[in-house]
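> how would this look folded up:
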Amino acid sequence: MSMSKMNTSDEEGWIGYGLKIAQHRLRLRLEAELAGTGVSPSQNAVLLAIADNPRISNASLARAAFVTPQSMQGMLVTLERDGFIVRTPHPEHGRIIMTELTEAGRTAAQAGMIAAEAVERQMLAGLTDDETKLLRELLRRCADALDSDN
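Numbers count the residues shown, from 1 in each chain. The predicted model follows:
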């Protein structure tokens with residue numbers, strides 16, 4: 001079987017490649033929108049996750065930001081050093097570290113949410129509401145298929 005016949009359309013190319021191009025352009029737009037906040041897209045994801053749940057684990061934060069737990073530890077150190085978060089031991093469970101947003105962290109998270117929404121609106125501007133719903137469902141199903149052990 002030739003490479004051009006492996007489940008691709010001659011006109012459209014690899015769907016995975018199309019997804020990668022869209023993801024790359026999405027990231028570039030988000031980086032541009034976040035430039036004034038002082039945080040990267042990954043750091044923004046962490047701040048938003050902490051805003052939703054101050055008791056979130058480092059492992060869950062790593063998943064939210066698509067980084068390894070080791071990278072997350074470094075990211076938290078940077079966010080704390082830059083004044084976006086404060087980390088303190090839990091009052092009853094000394095081994096648990098509580099992570100809270102500072103005022104600067106709340107401001108950055110709010111700006112990050114606005115930036116992410118603006119970029120998503122731009123990305124979806126050429127789609128109808130039904131197409132947007134369909135895209136969301138199709139992407140979820142593709143991700144689920146790749147996550148399965150079948």
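> Could you tell me how far Thr88 is located from Met98?
Distance from Thr88 to Met98, counting by Cβ to Cβ, to the nearest Å: 5 Å. For every residue, glycine as well, the C-beta is placed using N, CA and C.
> which of the two has more neighbours?
A count of neighbours by other Cβ atoms under 10 Å puts Met98 above the other of Thr88 and Met98, at 14 against 9.
> any idea how far the more buried one is from Gly74?
From Met98 over to Gly74 the distance is 19 Å, taken as Cβ to Cβ.
> same question, His24
Counting by Cβ to Cβ - His24 and Gly74 are separated by 24 Å.
> Between its first and last residues, how far does stretch 47-62 reach?
End-to-end span of stretch 47-62 (Cα to Cα, to the nearest Å): 12 Å.
> And the one helix or strand Ser71 maps to, what's buried?
Per DSSP states H and E: Ser71 is located in helix 69-81. Across helix 69-81, burial judged by 16 or more other Cβ atoms under 10 Å covers Met72, Met75, Leu76, Leu79.
> Please save the CA atoms from it in PDB.
Taking Å, rounded to 0.1, in the frame of the first residue of the first chain, the C-alpha atoms of helix 69-81 are listed here in PDB:
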ATOM      1  CA  PRO A  69       4.400  16.200  37.000                       C
ATOM      2  CA  GLN A  70       8.100  17.100  37.100                       C
ATOM      3  CA  SER A  71       7.600  20.000  34.700                       C
ATOM      4  CA  MET A  72       4.600  21.100  36.800                       C
ATOM      5  CA  GLN A  73       6.700  21.300  39.900                       C
ATOM      6  CA  GLY A  74       9.000  23.700  38.100                       C
ATOM      7  CA  MET A  75       6.100  25.700  36.700                       C
ATOM      8  CA  LEU A  76       4.600  26.100  40.200                       C
ATOM      9  CA  VAL A  77       8.000  27.300  41.500                       C
ATOM     10  CA  THR A  78       8.000  29.900  38.700                       C
ATOM     11  CA  LEU A  79       4.400  31.000  39.300                       C
ATOM     12  CA  GLU A  80       5.200  31.400  43.000                       C
ATOM     13  CA  ARG A  81       8.400  33.300  42.400                       C
END
